[in-house]
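**Student:** any chance you can model this:
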Amino acid sequence: MTTLKNSITIVLLDDHPFVLEGLKKTLENNSSIKIIGTALNPDEAFLLVKKSKPDVLVADISIDNHMFLKNELESGMDLLKAMKGSGVDTPVIFFTMFDQTEVIIEAIRNGVSGYIIKNSSVQDLATAIRKVAKGGEFFDEVCIRRIINTLRNNINSEGINVLSNREKEVLKLLGQDLNSSDISKKLGVSKHTVEAHKRNMIEKLELKGTAELYKIAKEKYQVLV
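**Tutor:** Numbers count the residues shown, from 1 in each chain. Below is the predicted model:
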């Protein structure tokens, strides 16, 4: 809960003591933010959050568990899931080096309120804390860019899911300007088989002919696996 001075109360989780201390000192330079607790592992953070009820929890995702062999929670992601599963409604901001799209999306699916890559400025983190404490969300530019790119790739791959895996391979190679002879050699099949795949794709995608197939191939080959 917020204090009488209306400062935002937060708990910090990071398994590196020197990082934790540095982050604490930097954030406390903001008069609107008050650190009410720190934790070196997710279990400790979980108990601390339940007891102190901060406005925001700022947590790393990766935790070096060899230091905490008896931990039930092995990461910041486990902590987020445990909090949501047990009805602890303190919003969570991940402050982490993990910038992989799949990790960001998993965090969003599990209800994270903010996600900031550690090479962002501490000012970004302070801004995120203020916004999340008011019930909002904050995702830094790296996260937003990765999510947008993922959405674009998903949109671009729509419509070709009716094709077989082999047909997608042929389509991808067509998009790379390979002709039927080149494709047959690359895939180890006959030219006749490649031409059959092209006819099948034209039919499945309801195209007017080969020209449209080549156009689709050029547009979508980069998102084909």
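**Student:** which element, helix or strand, includes the residue nearest to the spatial centre of the chain?
**Tutor:** Of all residues in the chain, the one closest to the mean position by C-alpha atoms, centre = their mean is Ile104, 1.6 Å from it. Per DSSP states H and E, Ile104 falls inside helix 101-109.
**Student:** give the contact list for Lys84.
**Tutor:** Neighbouring residues of Lys84 by C-beta atoms under 8 Å, 6 or more residues apart in numbering: 110-111. C-beta coordinates here come from the backbone N, C-alpha and C atoms, glycine included.
**Student:** helix, strand or coil: sort out it for me.
**Tutor:** helix (DSSP: H, G, I helix; E, B strand; the rest coil).
**Student:** next: Gly37.
**Tutor:** Under three-state DSSP, Gly37 comes out as strand.
**Student:** tell me what it is bridged to.
**Tutor:** Counting by DSSP bridges, Gly37 forms beta bridges with Val11.
**Student:** for Ile202, grab the count of nearby residues.
**Tutor:** Residue neighbour count, defined by other C-beta atoms under 10 Å, stands at 16 for Ile202.
**Student:** so how far is Ser86 from it?
**Tutor:** 55 Å (C-beta to C-beta, to the nearest Å).
**Student:** centroid-wise, who is the farthest residue in this structure?
**Tutor:** Largest centre distance within the chain, by C-alpha atoms, centre = their mean: His192, 43.4 Å.
**Student:** so which strand or helix has it?
**Tutor:** Going by DSSP H and E, His192 is part of helix 191-204.
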